[in-house]
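Asks: here's a sequence, model it:
(2 chains)
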Amino acid sequence: MANGDSVSITVQSFLSRIEAEDQVGRPVKVALRRLVETGQLSNQDAIEAAIREEEPQVGKAETGAC
Amino acid sequence: MAKLKLVHARALRGLRDLEIPFEGKSLLLWGENGSGKSSLVDAIEFLFTGKISHLEGTRGLSLERHAPHLELGAAAMEVQGTFDPGAIAVSRSLTSPPAIPPVLASTWETAKFGNYVLRRSQLLTFIHADPADRFRAVGSLIGIEALDAMELAIMRARDRFEGETVAKQRQVGLIKIGLGNIIGTGEAMPEEVMKALNKDASGLGLSFLSSAGDISEKTQEWMRSAKQADQPQIGTFNNLKARAEAVTIAGDLAGRLKRYQDAYAQLASRGDTIDRLSEAELLDQGQKILVNASPNICPLCEQPIDLGSTLARIRERQHLLKELSTEFSGFRMLCQELASTLSSLGEQGTGLKEIVPDSLDPDSSIRARLSQIATNLETLGRSIQASTNLTQVCDVDRVLRESSVYESARKELVERAGKALGALALTERDKAILDLTQKALRLELQWRDLAKHMKELEWLTELQRRARYVFNTFSASKKAEVTRVYEAIEADVRNFYERLHPGESHSEFQLVLAQTRRASTELRIKAFGQERTDPRAFTSEGHLDSLGLCIFLSFVKHFMEDWQFIVLDDVIMSIDSSHRGRVADLLLTEFSDWQLVITTHDEIWFEEFVNYERAYKKEGQFLNRRIHRWSLGEGAVVQPYRPRWEQISDKIAAADKTGAANDGRQFLEWILTEICVRTMAQVPLKRDARYTVQDLIGPAQERLTKLLPGKTSEITGIFRNIQATSTPGNLLSHSNANAPSLSVTEIQQFCEATKALHDWFTCPGCSQLPSYIQSAGLIRCPNSRCPAPLQWTTS
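Replies: Numbers count the residues shown, from 1 in each chain, chains lettered A, B, ... in the order given. Predicted coordinates for the structure are as follows:
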């Protein structure tokens, strides 16, 4: 196992679980997959937009600590 | 898979100019303490990582000042590594990092972390680490920081939705209280209010309300049934009174403003720290750099730093920022709520102003006041929102003054409308109808308001559910992966440990994610029948050392697939002598394809390992080297290993009586110790555990004679020769005054007698020493792969 493999295994497992279950609709599933693909799963604003089924606000700064 | 072909170190630590031609083989290196073994390890670490870990994180030590050779200086310091396949050369000096060719990129990506070097001083680090530090150590190997950052961002999104939902629930609660006020109860739903009003309508002989939608129409119908219904101003006054009564300021505004003022003062008093909230990311990044690169110079200000205390300070600051961040989030939410309240009041004031008739405000003074107040409240709302950056606090007294002015204008309107209605000389029934109409109009307003907020609450609740689900799913995925990795590591540690300590009272090692604390890892072991105990509680230091080695080897096995390379710098010495053979067995079987660099100052173990190489037919895969001598001016002089007997023979040939006698005596002490241990001989116990030839020779002979009565004459002959010749060996070894009178021949006879004992008690098939197996009634070679194992049946 190389350093970093666990990150991709976890993220793929997360997406698979989300996609296999009916707890959120397709738009949220698509948005979350896009966040993973664009490396934005640690961007709070982008996550909120995905959950709201909104387009993420381009250029909005990540606030980090709060 | 890349293999190290050559290491050439110049002017580094104790090395002047040393070349080790690995040729893809492993290296077993013996040297006295201080002979430059660890300098070679330092050179390898420096080549790959650009650091020497034991020079970092300790006050007063630094790579720049203490890595270069004392005489040759920093400019001459350089390490070159050559790798196969392709004989690719890579070199590093203090000022020039290596240029990594693409073909080595993947190997280097793993190798640059230096996680494959284990020094004696580090053996217990993981075991004695704080659970959080231990988690970080595992985490950095798994790459858990990235997962932590994702989990944290999702958690913050979840918290945000939860916060908004709670705020909306509070707003809905306030509206329900307003509805209850209409009928003089506590909290009420619109249907309950409507039911109560319909009861009154029934008493007055009026038609019933059926929904929010028909209140306007019904109230007009009720008004028409009143005596003065033909007077249109009744409706106007009534409507105004109802609305003015409905839009009271929530009772807790003053309380919330006080909380705002206190929170602002508290946060602003630490203004410099608040500014640092934006530094959280920088600190996270900085921590990663310091943990991975362990520099002794700050990458930002280029000043020397003490790594340990800097990391501790960073953790302290991160903790403070986390607390502050929570506090700050609460403050921001309060500001949003207050701004929304003030804005809503402003809108209500504007709405009220629109329905004030000229007759009740002939000089428009109240309407002007309401208009001004609405503007002021909205401005103050924006000011509260802006104050979240802590640059300027909103003037709370002014908010209170404006809301007080608003309240007096509202009350004045209620009073004027009431008086105007009173002046119309209404009957009691008319008054009752007007009162009921006012309540119905308030119900209508708040019903609509409630419907709007309930709809928003429903959406927020859905968002909160989604966010919780996303967070829980991510956390579960992360935990499953970490647990999977832990279990894999655990299985190997158990397997390795069991091989080093078969059938002993410690087993079932567990690496456990602490359930009660986030980011915490505990070690557990079954010891003396007690389940899940901390290994430090019942395990000896020697066992902890071998546990540390097993954990290290397990981690390396799991995380170093791209660079199968292990460096063990004198770690074997800490491990109990009876288990060291098993360490050799473990390394030669589990890591047979890996390139190993093993250094030791234990000559016995070195020879034992060489025997294991032979027994496992791995001698072709190892360079066995000795550091012959070392000096500052000459550096380390490395020579190929020669068996002990050859070294003694050399000394005899060179008439080095003292050297030969000394080596011969140590040889005898060692073989007697091994015979006693391996045959379970009864040796009188000594408090200092230092056993000499005189302590061991009798019990060894007695035991062998007892176990092998058929070989009594052979054993007696071997031991008689030793007894007859050991005196000169002892005299010379202990610098006795009579020593110079001894001849080389006498020393040679002593050494040959010792060798005879060694050869007799050595398996001819694989050169391993045999052991007594009581249950089988045998003295037998322990090597299961030996082609011709020695085996004697005991009595």
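
Asks: phi, psi of residue B:71?
Replies: phi -90, psi -30 (degrees, to the nearest 10).

Asks: I'd say it and residue B:633 touch.
Replies: Yes: using CB atoms under 8 Å, residue B:71 and residue B:633 qualify as a contacting pair, with a distance of 7.3 Å. To be clear about C-beta, it is placed using only N, CA and C from the backbone, and glycine gets the same treatment.

Asks: which residues do these two both contact?
Replies: residue B:16 (CB atoms under 8 Å, 6 or more residues apart in numbering or on different chains).

Asks: which ones are touching residue B:664?
Replies: If you count contacts by CB under 8 Å, 6+ apart, residue B:664 has them with B:648, B:729, B:747, B:750-751, B:754.

Asks: out of these, which one has the weakest pLDDT?
Replies: In terms of pLDDT, residue B:729 ranks lowest among those, with 57.

Asks: neighbours of the residue of the stretch 251-400 of chain B found nearest chain A, just the number please.
Replies: Evaluated by CB to the nearest CB, the stretch 251-400 of chain B has residue B:280 as its residue closest to chain A, separated by 3.5 Å. Neighbour count for residue B:280, taken as other CB atoms under 10 Å in any protein chain shown: 19.

Asks: tell me which element it is part of?
Replies: Secondary structure assigned from DSSP states H and E places residue B:280 in helix B:280-293.

Asks: and of the contacts of residue B:664, the nearest to residue B:788?
Replies: Residue B:788 lies nearest to residue B:754 out of the contacts of residue B:664, by CB to CB, at 24.1 Å.

Asks: so, low pLDDT: which residues of the stretch 551-700 of chain B?
Replies: B:574-578 (pLDDT under 70).

Asks: SS state for the nearest residue to residue B:177 once chain neighbours are set aside?
Replies: Once flanking residues are discounted, residue B:177 sits nearest to residue B:187: 5.4 Å by CB to CB, 6 or more residues apart in numbering or on different chains. Using DSSP: H, G, I helix; E, B strand; the rest coil, the structure places residue B:187 in coil.

Asks: longest helix of the chain?
Replies: All of this is about chain A. Looking across chain A with DSSP state H, the single longest helix is helix A:5-20.

Asks: think we crossed wires, I meant chain B
Replies: helix B:428-500.

Asks: just the helices in chain A please.
Replies: A:5-20, A:26-37, A:44-52.

Asks: contacting residues for the closest residue to chain A within the stretch 601-750 of chain B?
Replies: For the stretch 601-750 of chain B and chain A, the shortest gap (CB to the nearest CB) falls at residue B:621, measuring 25.0 Å. Neighbour list for residue B:621: B:25-26, B:592, B:613 [criterion: CB under 8 Å, 6+ apart].

Asks: which two of those residues have the greatest separation?
Replies: Farthest pair in those (CB to CB) is B:25 and B:592. Separation: 12.4 Å.

Asks: who has more neighbours, the two?
Replies: Neighbours per residue, other CB under 10 Å: of residue B:25 and residue B:592, the larger number sits with residue B:25, 19 against 12.

Asks: residue contacts, that one?
Replies: Contacts of residue B:25 (CB under 8 Å, 6+ apart): B:595, B:620-623.

Asks: setting aside sequence neighbours, what's the nearest residue to residue B:441?
Replies: Spatial nearest neighbour of residue B:441, excluding adjacent residues (CB to CB, 6+ apart): residue B:242 at 3.8 Å.

Asks: hmm, residue B:89 is touching residue B:80, no?
Replies: Yes: Residue B:89 lies in contact with residue B:80 (CB under 8 Å); the separation is 6.0 Å.

Asks: okay, the two: which has more neighbours?
Replies: The residue with more neighbours, out of residue B:89 and residue B:80, is residue B:80; 18 against 14, by other CB under 10 Å.
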